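> generate coordinates for the sequence data below:
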Amino acid sequence: MSEHRVSFDRFVVGSNNRLAAAAARAVAESPGSTYNPLFIYGAHGLGKSHLLGAVADLTASLWPDIEVRREDGAHFVAAYAASVAAGESDALLASYVRAGMLLLDDVQSLEGEAAAQAALAGIIDSLVDHGHQVVLASDRLPATIAQVDDALVRTVSQGLLVDVSAPDYETRAAILHRMATEQGIELTDDVVEDLARREYRDIEELRVALAQIAERQRKPAPQLNSGEFESFLSDVQVVVQQHVESWRGRLREAIAYWQGEGFRTGVLERALELPRAPDVSGLTATFSAAVEHLRNLERQARQIDPSLVGHAAFRDPERMVEAEDLVERVLAGETPAKGPVASFARDAFEVGASNQLAVHAADAVVAEPALRYNPLVLYGPSGVGKTHLVNAIGNALLERAGASGVVACINAQQLVDELIEAVQEGSVERWRARYRSATALIVDDIQFLGGKERTQEEFFGIFNTLIDARKQVILTSDRVPSDINDLEARLRSRFEGGLVVPIQSPDRALRERLFARFLAVAGRAADDELLHALGEHPVQSVREIIGVVHRLGATAEALGRPLTVDLVRRELGGVTVASPTPRLVMATPAAQVFMDLEKVVWDWPDAGSRLIEEAR
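Predicted structure coming up:
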């Protein structure tokens, strides 16, 4: 038997763990037929991990054809997060479901991870339904884990929940005998009795005490008797206490060091919260090995795509799977393109007469990608919401496509810069593959392609590849394609072959709703009269509305008074003439954000009024 083998033979059974040990052996001898799932809980250092290892050992011996998958909760959370980021969560979950037995330690590490908890509940349900064994371990009952998903609690509670507690005197004595025998330490019965009589909270503290005795035995006296032990025992207790108190200090030193090196240390920080000392040396050694592996991965990626240097996945050992996947994609010429901004949501986009046609087209593209409007080109002045809307389309397409979807979303100027860098590095083919492999492509501000001959040539090929493959293409511009200077005729023709739809400056009703939204964000109340007054001012974009809100808020704070209609009109200026006479709005110095002093805006209510005015 290997010295380090974890098995039932090396597990000391006492009154504190007898039921847990019996249940664990039962599921190893007959996987999936009893106690499924089995949930073992108890404080740190009481043998839960040993039991999981013993289950794996006995199962491998009795059932060699069963695939046993053993992991801890922190690794599961990290792997699931990485798979979601890479769009491969379905593949990851499928790999768990294929296992014949799942052993998951430290389930409490899923605390607050709602998505990972829901995924685990689904995995357990699937495994149990197919007769595959699940064994879980945690430092507390599932229902007492903070922010735990109800579905996960229900799932694990359908099996057997057993606890392990601190060892009693007899168990401590048996453990000491076992440890001493395995380590070649000679202890008399009275020494063991004296040592076991002291209460130790976990096995680690017993191990530390025994290590001190072993150190004493290395001195000339070959054996300890009870007399010697009594004089030595108080020193052992002090050393044990120092060990328990010092492990956090060693962890903090490691955390400070690796943070200084630029790495995330979440796994080490969570270890600080453990109630008992973990194997600090083993933990930090594992972390160091993980960091070195990440550095090697980053070096591989840098040789092919220097832009990946400093990528967040190479700075966090808990994102190891994501980093490995990223390198694989780089080596295959499939460095993932930047996706849409997640914060741009469709339900946060205000709709009015000035943009409702564009929104209708956007919704149609989401409902039937590449079938109705391909390409979809949105044009309009800066700040009217084009970028928000196309990113919202991208997010909706990602949600629709699921794990297999790749929506590339990039500004045209960034596209030009990427191509220049690819030409310099000789990696143009990989650059092409990045966008040709996308499920959908969104390019913002295509007017920046004007005059960029090489980029237009490359983009023409990418565009045709995607359209021919029935993949959605969405473009934005500050003008119609026919008005873009130095844009090749073939590109202009392709762009106008889809749907070209404008987004105009916000109309009055939309302005009022936007003012209401941004005032609410700023924590300022606005009644209908105030919104009506704000809506009178013909701002040209959402950006200007945000600027007006900030400006009015600063003025109100400076004056120490609430935002009122009088304050708005005095600050923004303007004279309104009621219908049917055309409305004349003249800009004052306070309103130069809208127009110059000489400029006026005529808002004719209808054609009849205009004719009357012309006839005067």
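
> now do the SS call for the residue nearest the centre of the chain.
The residue lying closest to the centre of the chain (CA atoms, centre = their mean) is Ala81, at 5.6 Å. Assigned by DSSP: H, G, I helix; E, B strand; the rest coil, the conformation of Ala81 is helix.

> confidence score at it?
Ala81 carries a pLDDT score of 85 in this model.

> I'd say it and Ala116 touch.
Yes - assessed by CB atoms under 8 Å, Ala81 is found in contact with Ala116 at 7.2 Å. (Each C-beta comes from the backbone N, C-alpha and C, glycine too.)

> before we move on, which element is Leu475 in?
According to DSSP states H and E, Leu475 maps onto strand 472-477.

> quick check: buried residues in stretch 550-559?
For stretch 550-559, burial by neighbour count (16 or more other CB atoms under 10 Å) applies to 552-553, 555-556.

> after the strand or helix carrying Arg492, which helix or strand is next?
Assigned by DSSP H and E, Arg492 belongs to helix 489-496. Using DSSP H and E, the helix or strand that directly follows helix 489-496 along the chain is strand 499-502.

> for whichever helix or strand comes after that next one, packing partners?
Next helix or strand after strand 499-502 toward the C-terminus (DSSP H and E): helix 508-521. Using 3 or more CB pairs under 8 Å, 6 or more residues apart in numbering; DSSP states H and E, the elements in contact with helix 508-521 are helix 528-535, helix 542-559.

> got the angle between the very next helix or strand once past the longest one and helix 542-559?
Sequence-wise, the next helix or strand beyond helix 542-559 is helix 565-572, with elements assigned using DSSP H and E. Orientation check (axes from the mean of the first three to the mean of the last three CA atoms, to 10 degrees): helix 565-572 against helix 542-559 gives 110 degrees.

> off-centre distance for helix 565-572?
The chain centre lies 45 Å from the centre of helix 565-572; the measure is CA atoms, centre = their mean, to the nearest Å.

> got it, and stretch 519-537?
36 Å.

> which of the helices and strands packed on helix 508-521 sits closest to Val156?
The minimum distance between Val156 and the helices and strands packed on helix 508-521 falls on helix 542-559, with 48.3 Å, by CB to CB.

> the closest one vs helix 508-521, what angle?
Comparing the axes of helix 542-559 and helix 508-521 via the same axes, to 10 degrees yields an angle of 50 degrees.

> other SSEs contacting helix 542-559?
Judged by 3+ CB pairs under 8 Å, 6+ apart, helix 542-559 is in contact with helix 508-521, helix 565-572.

> what's the closest of these to Thr144?
Short answer: helix 508-521, nearest of the helices and strands packed on helix 542-559 by CB to CB, at 38.2 Å.

> hmm, Thr548 is touching Pro538, no?
Actually, residue 548 is Val rather than Thr. No - judged on CB under 8 Å, Val548 makes no contact with Pro538 at a distance of 11.5 Å.

> so for the two, which residue has more residues nearby?
Taking other CB atoms under 10 Å, Val548 and Pro538 do not tie; Val548 has more neighbours (24 against 18).

> so what's that one up against?
Counting by CB atoms under 8 Å, 6 or more residues apart in numbering, Val548 makes contact with 515, 534, 537, 539, 572, 593.

> for Glu71, what are its contacts?
Glu71 touches 79, 103-105, counting by CB under 8 Å, 6+ apart.

> ok, how many other residues are close to the nearest residue to Val97 once chain neighbours are set aside?
Once flanking residues are discounted, Val97 sits nearest to Ser126: 4.8 Å by CB to CB, 6 or more residues apart in numbering. For Ser126, the neighbour count with other CB under 10 Å is 16.

> same check on Leu102?
Leu102 has 24 nearby residues by other CB under 10 Å.

> quick check: phi and psi on it?
Main-chain dihedrals, Leu102, degrees, to the nearest 10: phi -110, psi 120.

> can you check the one 4 residues further on too?
Phi and psi for Asp106, reported as degrees, to the nearest 10, are phi 50, psi 50.

> list the contacts of it.
Counting by CB under 8 Å, 6+ apart, Asp106 makes contact with 72-74, 137-139.

> ok, now how distant is the residue nearest to the centre of the chain from Asp483?
45 Å (CB to CB, to the nearest Å).

> contacting residues for the closest residue to Pro481 other than its chain neighbours?
Distances taken as CB to CB, 6+ apart place Phe495 nearest to Pro481, at 4.2 Å, with adjacent residues excluded. Going by CB under 8 Å, 6+ apart, Phe495 touches 375, 377, 446, 475, 481.

> what's the neighbour count on the last one?
Using other CB under 10 Å, Pro481 has 22 neighbouring residues.

> and what of Asn391?
Look at Asn391: counted by other CB under 10 Å, it has 24 neighbours.

> next, Thr286: secondary structure please.
Criterion first, three-state DSSP; result for Thr286: helix.

> I figured Val366 hits Leu398, correct?
No - between Val366 and Leu398 there is no contact under CB under 8 Å: 10.4 Å.

> ok now do Leu104, which residues does it touch?
By CB under 8 Å, 6+ apart, Leu104 lies in contact with 70-73, 76, 120, 134-137.

> 10 Å instead?
Contacts for Leu104 (CB atoms under 10 Å, 6 or more residues apart in numbering) come out as 37, 39, 52, 69-73, 75-76, 96, 110, 120, 123-124, 134-138.

> among those residues, which are in strands?
39, 69-72, 134-138 (DSSP state E).

> now those residues in a markdown table, with pLDDT and distance to Ser427?
As requested, those are exported to a markdown table (pLDDT from 0 to 100; distance: CB to CB, whole Å):
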| residue | pLDDT | distance to Ser427 |
| --- | --- | --- |
| Phe39 | 93 | 51 |
| Arg69 | 92 | 38 |
| Arg70 | 91 | 40 |
| Glu71 | 89 | 36 |
| Asp72 | 87 | 39 |
| Val134 | 94 | 46 |
| Val135 | 95 | 47 |
| Leu136 | 94 | 46 |
| Ala137 | 93 | 47 |
| Ser138 | 91 | 47 |
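
> looking at those, which is nearest Val327?
Closest approach to Val327 among these (CB to CB): Glu71, at 21.8 Å.
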